[in-house]
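S.K.: I'd like to go over a predicted model; first the sequence, then the structure.
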2 protein chains.
Amino acid sequence: MKKSALQKARAAYQPKLPIALTGAVKVVEGRPTESVADQDAIRKLFPNTYGLPEIRFEKNTNPTPGKPVNVGVILSGGQAPGGHNVISGLFDGIKKIHRDSRLFGFLMGPGGLVDHKYIELTAPIIDEYRNTGGFDIIGSGRTKLEKVEQFDKGLEILKELGITAVVIIGGDDSNTNAAILAEYYKEKNTGIQVIGCPKTIDGDLKNNVIETSFGFDTATKVYSEVIGNIQRDCNSAKKYWHFVKLMGRSASHIALECALQCQPNICLISEEIEAKDMSLAQIVKYIADIVTARAKEGNNFGTILIPEGLIEFIPEFKRLIRELNELLGANAEKVAGMNHKELTEFILANLSPENVAALETLPASVARQLMLDRDPHGNVQVSLIETEKLLSEMVGEYLKKSEEFKAAKGKFSALHHFFGYEGRCADPSNFDADYCYSLGYNAAALINAGVTGYMSSIRNLVKPAIQWIPGGIPITMMMNIERRNAEDKPVIQKALVRLDGAPFKKFASQREEWAQNTCYIYPGPIQYFGPAEVCDQPSMTLKYESQH
Amino acid sequence: MKKSALQKARAAYQPKLPIALTGAVKVVEGRPTESVADQDAIRKLFPNTYGLPEIRFEKNTNPTPGKPVNVGVILSGGQAPGGHNVISGLFDGIKKIHRDSRLFGFLMGPGGLVDHKYIELTAPIIDEYRNTGGFDIIGSGRTKLEKVEQFDKGLEILKELGITAVVIIGGDDSNTNAAILAEYYKEKNTGIQVIGCPKTIDGDLKNNVIETSFGFDTATKVYSEVIGNIQRDCNSAKKYWHFVKLMGRSASHIALECALQCQPNICLISEEIEAKDMSLAQIVKYIADIVTARAKEGNNFGTILIPEGLIEFIPEFKRLIRELNELLGANAEKVAGMNHKELTEFILANLSPENVAALETLPASVARQLMLDRDPHGNVQVSLIETEKLLSEMVGEYLKKSEEFKAAKGKFSALHHFFGYEGRCADPSNFDADYCYSLGYNAAALINAGVTGYMSSIRNLVKPAIQWIPGGIPITMMMNIERRNAEDKPVIQKALVRLDGAPFKKFASQREEWAQNTCYIYPGPIQYFGPAEVCDQPSMTLKYESQH
């Protein structure tokens, strides 16, 4: 691998650890825990791993010698900056416990465990990947570990390799599955521990005990860099409205964080739109009103951030998509042979009047896409809808008819961007490099403590790393029962943007000012070598949440 | 203006200057120059500013005291990182000559000179913008200065403000116009000097005497950062082909530089495609063959860089577009009333058979766009064609029919990106910060030397800044006559990628290796505070060209 100059220089960075993890640790147990909801149901599903205590690590001045341990590690789901540092922290952690400890990486995600594909991660390999972005050290994948046959198949290779602990680095679903696997291996008395690590750039895996998922910090900093650059261009040319869609699945955390960092003219928050039951027409009017107000001041330019999940949060859209899916599902055979014209006619004849009306407010291309483009299960492909273009087209149409806009001599010209893949594999910021390394190192401590069904937890994150608090949280504590694919399932509650939370309230208190005036901030690229106020800042979301 | 932490820290950066500019300078004149071609025609058009000598500045140990000067500055055309540093260098330069010198900025481009819109740029304003990206200090615009009435209107305000020198920061067209303005003001004996500065991220304003335009370095580093991140994602998920289109107008310098920095699997170079007279089908086959070869190794992923100007360089496309424009131009009245169906029929009935054939190889959406979407002058809107999607769609179609791909059990799934606005206003790299500051400072020296019609020139750029060679180049020296809008015009020759140049040859010698294997480099974000090998590197293009 030919390395860039930055990679070479960055390899020497020694991630910071909480002081408690810098020597031997002792376990301090808290009180038994309960799940966030549906306690009886969750307890019944996890008889062996429910109700465990939170634990915290403190310095141990009188340690007993550790024993060697063989550990397996899995990267699950979408990439997030810092994954390599979780693995290098884990490696260093188990080596600290005993130098004969060994680490095995299962390849291309959870599928590697089931299919027995793995490599041993030795020091020379680990050293190639310290402080780098990407999941390419062992690859990642989206196979879901949820069936007993998979668990049993995995058990074979774990036994063969003498592995007694598996660390699963993943998002909410992967950690849910880690809890199920932990319960199963415990029930079967396999002696195999399962530990989770909170990963996702989307920022939707957090709660009272997990302050943030790793990768969110770096990814939002990369997006904020390019949004800032676009804003500076926008403010220099003064002739375009930039519609910027941002990854993040359902939740709007990424859009909100980027808004706090860059102060765009507009940022849509899906959770608010749902709470206010706003229609697409109302959203379009909201944007068009701001475009018009700025046009009155001669400012025919601006920036708009749009969360990826928006469409699914617009109640009228949700209803339309649900009815479309039901209608076509119930008539699967009938519609299978139809051509586009027949299908369009069938849909319009059978959809409820209010959903036909909703369909008719949409630009033709989007309406066509909704009616005709379907995934292999016959469902509407919401993620393919280019929301940024949908909105700019509708705003343009609205403004063409607006007397007020005409009177203001307004001009409206739009450009579009979508950022996601640009940030998921960036080299981790100092924050993520330290946080991830600590999460991995801490996972080793959890393994040494003999626990299972826990998530690696590092808290107090707005403080300097030395003051961070390491420990473990029983994964069942974060669970509730949700309806998924017509089944009740135990899952980790997904964290959406809270409208009563400090980050949203901060944004809401300033957005009128940002809309009317040009208050852009230009964060610039992530820096690794400069002054601490530039290089060592956690996300604004984390800062505001901790002040709360 | 609320500033980011990086902006605050970066404000303190003192750009480096060539040693010759650090004190008083003396002018060393070279021999009289000739234009690169069409010498007689250019001489005739520029009787007062043709044939001037190149000049070089050296340290002056016996300087005479300078006189105060009032200078006007204009930002012309698209944004490029470092424009603010040209202005701050110019400001410091004229203040060094005499502290009573004053700098005026004309607003929103050359139009500000014509419309008498300006501000005085004082020290507190300048200090707000040092080492920042963007052109927002005075804005930019695309008004072309080419008519006598504009020159005369400009003269009024220059006289009113006592301005005796104008610095125009722009690309090839803007510098061409600077030369015309210089000639006119000289002919009229106005006593007003005009100096140009070479700006454009596209990198197409360079020649034997101008080593690079400013902004190219920073913009390509930003694009390489995000391309590198995408490559790391690509290599972690191993399931997508990323088609990345890059800004840069006609020339492929940006794509080539990013290829040298990131080592993608494929990079198309428009100039090569034209030279080889490749058809769209051949380009599609070239890509599909590489996709297939990688699929055989189980690598169903990769990255492809596509220069923005590609379409215009594919000879069959060029011919098709030319005939479409001519056909519809000649029948403007007839086609004006036609609906889409009639227009399509008319085109297909009247186009030459080979161009109908070319049209039929295109995906329906692109063919429709070529036939139906036209600009106000009735021309095909080439820049609206999403080349990255066109190519991925055609490659996908090709692979569906390929037995070889099927036999390899290949999968092909594409994602698309277009980068341009993300890099034009980034904070300048150290290279661009230094280069731009030096260009501006040097422009002040040219003003003090009393010359006009010169471009500010800093050479020896691959060496440390202290060894850079400052001077001035007569703009007429870079000119030739070209046909533009049915008129012969004197213009600065645009620099396309040379297929016999060192950067292309380096790329061509390695691309087969990059195509088959995965040789990605991940450059990471621009760093301002780290070790010199990370922070102070010029572009690969410049390095290879200087070795040549």
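M.R.: Yep, it's here.
S.K.: I'd like to know how many residues surround A:G23.
M.R.: For A:G23, the number of neighbouring residues by other Cβ atoms under 10 Å in any protein chain shown comes to 11. Using the backbone N, CA and C atoms, a C-beta is placed for each residue, glycine as well.
S.K.: Could you tell me how far the nearest residue in space to it that is not next to it in sequence is located from chain B?
M.R.: Counting by Cβ to Cβ, 6 or more residues apart in numbering or on different chains, A:G23 lies nearest to A:K59, which is 5.8 Å off, once chain neighbours are set aside. Distance from A:K59 to chain B, counting by Cβ to the nearest Cβ, to the nearest Å: 33 Å.
S.K.: One more: A:G337?
M.R.: Here the distance between A:G337 and chain B works out to 22 Å (Cβ to the nearest Cβ).
S.K.: Next one, pLDDT for that residue please.
M.R.: Confidence per residue is given as pLDDT, and for A:G337 that number is 81.
S.K.: Please apply the same query to A:L6.
M.R.: The model reports A:L6 with a pLDDT of 95.
S.K.: Show the contacting residues for it.
M.R.: Residues in contact with A:L6 (Cβ atoms under 8 Å, 6 or more residues apart in numbering or on different chains) are A:D427, A:Y528, B:P523, B:G524, B:P525, B:Q527, B:G530, B:V534.
S.K.: Could you tell me how many residues sit around the last one?
M.R.: By other Cβ under 10 Å, the residues close to B:V534 number 23.
S.K.: and it, what does it touch?
M.R.: Taking Cβ under 8 Å, 6+ apart as the criterion, B:V534 is in contact with A:A5, A:L6, A:A9, A:F529, B:Q527.
S.K.: among those residues, which are in strands?
M.R.: Judged by DSSP state E, strands contain none of these.
S.K.: Which members of those are the farthest-apart pair?
M.R.: When Cβ to Cβ is used, the two most widely separated members of those are A:A5 and A:F529, lying 12.0 Å apart.
S.K.: how close does A:K400 sit to B:V491?
M.R.: 38 Å (Cβ to Cβ, to the nearest Å).
S.K.: Compare the two (neighbour count), which wins?
M.R.: Using other Cβ under 10 Å as the criterion, A:K400 and B:V491 rank with B:V491 on top: 19 against 10.
S.K.: So in that sheet, which strands flank whichever strand or helix holds the more buried one, and in what orientation?
M.R.: Secondary structure assignment for B:V491, by DSSP states H and E: strand B:487-492. In the sheet, strand B:487-492 lines up against strand B:479-484 (antiparallel) (DSSP bridges).
S.K.: And the partner strand, what's buried?
M.R.: Buried residues in strand B:479-484, defined by neighbour count with 16 or more other Cβ atoms under 10 Å in any protein chain shown: B:M479, B:N480, B:I481, B:E482.
S.K.: same question, stretch A:337-345
M.R.: Taking 16+ other Cβ under 10 Å as the neighbour-count basis, stretch A:337-345 is seen to contain the buried residues A:L343.
S.K.: Need the residues that contact that stretch.
M.R.: Outside stretch A:337-345, the residues within contact range by Cβ under 8 Å, 6+ apart are A:V335, A:F346, A:R368, A:M371, A:L372.
S.K.: Out of those residues, which two sit at the greatest distance?
M.R.: A:V335 and A:R368 (15.3 Å).
S.K.: Give me the more crowded residue out of these two.
M.R.: With other Cβ under 10 Å as the criterion, A:V335 and A:R368 differ in neighbour count, and A:V335 comes out ahead with 17 against 14.
S.K.: Could you list the contact residues of the stretch 51-200 of chain A toward chain B?
M.R.: Within the stretch 51-200 of chain A, the residues that sit near chain B (Cβ under 8 Å from any Cβ of the partner chain) are A:G78, A:Q79, A:M108, A:T132, A:G133, A:G134, A:F135, A:D136, A:G139, A:S140.
S.K.: so who does the first one touch?
M.R.: Just to be clear, that refers to A:G78. A:G78 neighbours (Cβ under 8 Å, 6+ apart): A:S140, A:G171, A:T200, A:I201, A:R424, B:A237.
S.K.: you'd agree the fourth one is up against A:K221?
M.R.: Yep, that's A:I201 we're talking about. No - with contacts counted by Cβ atoms under 8 Å, A:I201 stays clear of A:K221, the gap being 10.8 Å.
S.K.: okay, and the common contacts of those two?
M.R.: In the contact map built from Cβ under 8 Å, 6+ apart, the residues linked to both A:I201 and A:K221 are A:G423.
S.K.: Neighbour count: the two, which is higher?
M.R.: In this view A:I201 and A:K221 are compared by other Cβ under 10 Å, and A:I201 has more residues nearby, 32 against 27.
S.K.: Apart from its neighbours in sequence, what residue is nearest the closest residue to chain B within the stretch 301-450 of chain A?
M.R.: Per Cβ to the nearest Cβ, A:C425 is where the stretch 301-450 of chain A lies closest to chain B, at 3.7 Å. With sequence-adjacent residues excluded and distances taken as Cβ to Cβ, 6+ apart, A:C425 is closest to B:R232, at 3.7 Å.
S.K.: Contacts only, for the spatially closest residue to A:S224 that is not a sequence neighbour.
M.R.: The spatial neighbour of A:S224 that comes closest, neighbours along the chain excluded (Cβ to Cβ, 6+ apart), is A:Q261 at 4.1 Å. Residues touching A:Q261, when contacts are defined by Cβ under 8 Å, 6+ apart, comprise A:T220, A:K221, A:S224, A:I227, A:G228, A:I521, A:P523, A:M540, B:S4.
S.K.: what's the answer for A:D375, then?
M.R.: A:Q381.
S.K.: Show me where the stretch 401-548 of chain A has its helices.
M.R.: Residue ranges of the helices in the stretch 401-548 of chain A, as given by DSSP state H, counting those that start in this stretch, are A:403-407, A:430-448, A:502-516, A:532-535, A:540-547.
S.K.: Work out the gap between the first one and the centre of the chain.
M.R.: Which is helix A:403-407. Distance of helix A:403-407 from the chain centroid (Cα atoms, centre = their mean, to the nearest Å) equals 41 Å.
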